[in-house]
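*Asks:* Sharing a model that was predicted from the sequence below.
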Amino acid sequence: MRALVYKGPGARQLEERPKPSILQPEDAIVRLRRTTICGTDLHILKGDVPTCRPGTILGHEGVGMIDEVGSAVRGFGPGDAVLISCITSCGRCEYCRKGMYSHCLDGGWVLGNRIDGTQAEYVRIPHADFSLHHIPDGADENALTMLSDILPTGFECGVLNGKVEPGCSVVIVGSGPIGLAALMTAQFYTPATLIVIDPDRYRLEIAQRFGATHVLAPGADTVGAVKALTDGRGADVVIEAVGMPASFELCEELVAPGGTIANVGVHGVKVDLHLEWLWSHNITITTRLVDTVTTPRLLRAVTARRLEPAALITHRFRLADMDQAYDTFGRAADSHAVKVIIEVS
Ligand SMILES: NC(=O)c1ccc[n+]([C@@H]2O[C@H](COP(=O)([O-])OP(=O)(O)OC[C@H]3O[C@@H](n4cnc5c(N)ncnc54)[C@H](O)[C@@H]3O)[C@@H](O)[C@H]2O)c1
Ligand SMILES: [Zn+2]
Ligand SMILES: [Zn+2]
């Protein structure tokens, strides 16, 4: 089969690899129909993710069809159409039983990281019963591919952890795929004010189309502008969807007394926590690695067309054109890419 392989920092290659086979009775082999590229894949390629060793097939998102299942798999069989969760979960360990699949003692984020991933014609999915979801026949596979990672991430780490409520004010810092996923799913709760901040004008235009009430480029007066839109208080919910010291520190300045900063961004360096003023503001700061516990609900919302994540897809490629797909996704500021879809079969 063809697969996109991480070859060490700065290097990747489309290669011929053996088709995966069942290693454990709980495994399933999925033939990919659609996959996509995540910002995290770019982090791996920069060498920022040491758990991903050279030789690993990249990718942790996708939709496909079951090719084969191990003897212990109960919920799926050959020919079933499935959504692959970016988080693998055994369903039995202490963390899984608390709904913290991201910390599963025999799973978590392993696909395209510790084990071969989804940017290939076939992938082996461990603990298939808990790590796959049935999808309806005839469903929009491109739209559902957005449910492997970015929709549950924006919803769980941003909207649910941030406690978005009807009539509240929300600021989302960062209008990339994750910030936009938070923007889409925040609207389940009808916040009154939904401000998106990003230096990229094109991404702000998208945010406006997706329901932001106000958009701002970060600058000298960002805090003043947000205060002016929130009766001088700041926002009840501030969602950090960038992962840099400057963007997190901005969140600290934007949160209203009693509010929540919901961090989604992956941080590579330390960030200052300004307790010299926040100590008295009754705020909450949350962090989370996506658990994908909300995937079944999001799947129903998409199937019922209450949520339209296909709108995030800006480019389409074939697996053979993976180089071009990475190049386009990696130059998002110039190419205006948000999510790219890879048609595998
Ligand atoms: N917690 C989790 O489980 C989880 C899962 C997936 C991704 N992530 C992280 O979420 C973050 C966002 O992911 P993405 O794919 O949308 O990334 P992205 O890089 O595509 O988007 C980030 C956006 O932030 C904007 N930005 C940069 N500096 C800014 C600033 N100072 N203020 C406001 N905006 C700024 C950029 O222009 C860009 O549009 C990343 O750090 C990613 O690693 C976390
Ligand atoms: Zn991802
Ligand atoms: Zn587990």
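*Replies:* Happy to help now that I have it. Ligands and ions are numbered 1, 2, ... in the order given.
*Asks:* Can you name the residue of this protein nearest ligand 2?
*Replies:* Of all residues in the chain, residue 38 sits closest to ligand 2, with a separation of 3.0 Å (CB to the ion). C-beta here means a position set from N, CA and C on the backbone, and glycine is covered the same way.
*Asks:* so how far is residue 342 from that residue?
*Replies:* Spatial separation of residue 38 from residue 342 under the definition CB to CB, to the nearest Å is 12 Å.
*Asks:* Neighbour count for those two, which is higher?
*Replies:* Using other CB atoms under 10 Å, the more surrounded residue of residue 38 and residue 342 is residue 342, with 26 against 23.
*Asks:* which non-adjacent residue is nearest that one?
*Replies:* Of all residues beyond its chain neighbours, the one nearest residue 342 is residue 35 (4.7 Å), with distances taken as CB to CB, 6 or more residues apart in numbering.
*Asks:* Three-state assignment for the one you found, please.
*Replies:* For residue 35, the secondary structure call by DSSP: H, G, I helix; E, B strand; the rest coil comes out as strand.
*Asks:* I figured it was touching residue 118, is that so?
*Replies:* Yes - with contact defined as CB atoms under 8 Å, residue 35 and residue 118 form a contacting pair (4.7 Å).
*Asks:* Need the overlap of contacts for these two.
*Replies:* Contact with both residue 35 and residue 118 is made by residues 59, 61-62, according to CB atoms under 8 Å, 6 or more residues apart in numbering.
*Asks:* List just the nearest of those residues to residue 100.
*Replies:* Of all the shared contacts of residue 35 and residue 118, residue 61 has the smallest distance to residue 100: 20.4 Å, by CB to CB.
*Asks:* Quick check: closest non-adjacent residue to that closest one.
*Replies:* If you skip the residues right next to it in sequence, residue 61 has residue 148 as its closest partner in space, 3.5 Å away by CB to CB, 6+ apart.
*Asks:* Pull the contacting residues for residue 54.
*Replies:* Remark: with contacts taken as CB under 8 Å, 6+ apart, residue 54 is in contact with 6-8, 11.
*Asks:* If we use 7 Å, what do you get?
*Replies:* Applying CB atoms under 7 Å, 6 or more residues apart in numbering to residue 54 gives the contacts 6-8.
*Asks:* Helix or strand next in line after the host helix or strand of residue 184, which one?
*Replies:* Here residue 184 sits within helix 177-186, counting by DSSP states H and E. Past helix 177-186, further along toward the C-terminus, the next helix or strand under DSSP H and E is strand 193-197.
*Asks:* quick one: the helix or strand containing residue 249 near ligand 1?
*Replies:* Assigned by DSSP H and E, residue 249 falls within helix 245-254. Yes - counting by CB under 6 Å from any ligand atom, ligand 1 is contacted by helix 245-254 at 246-247.
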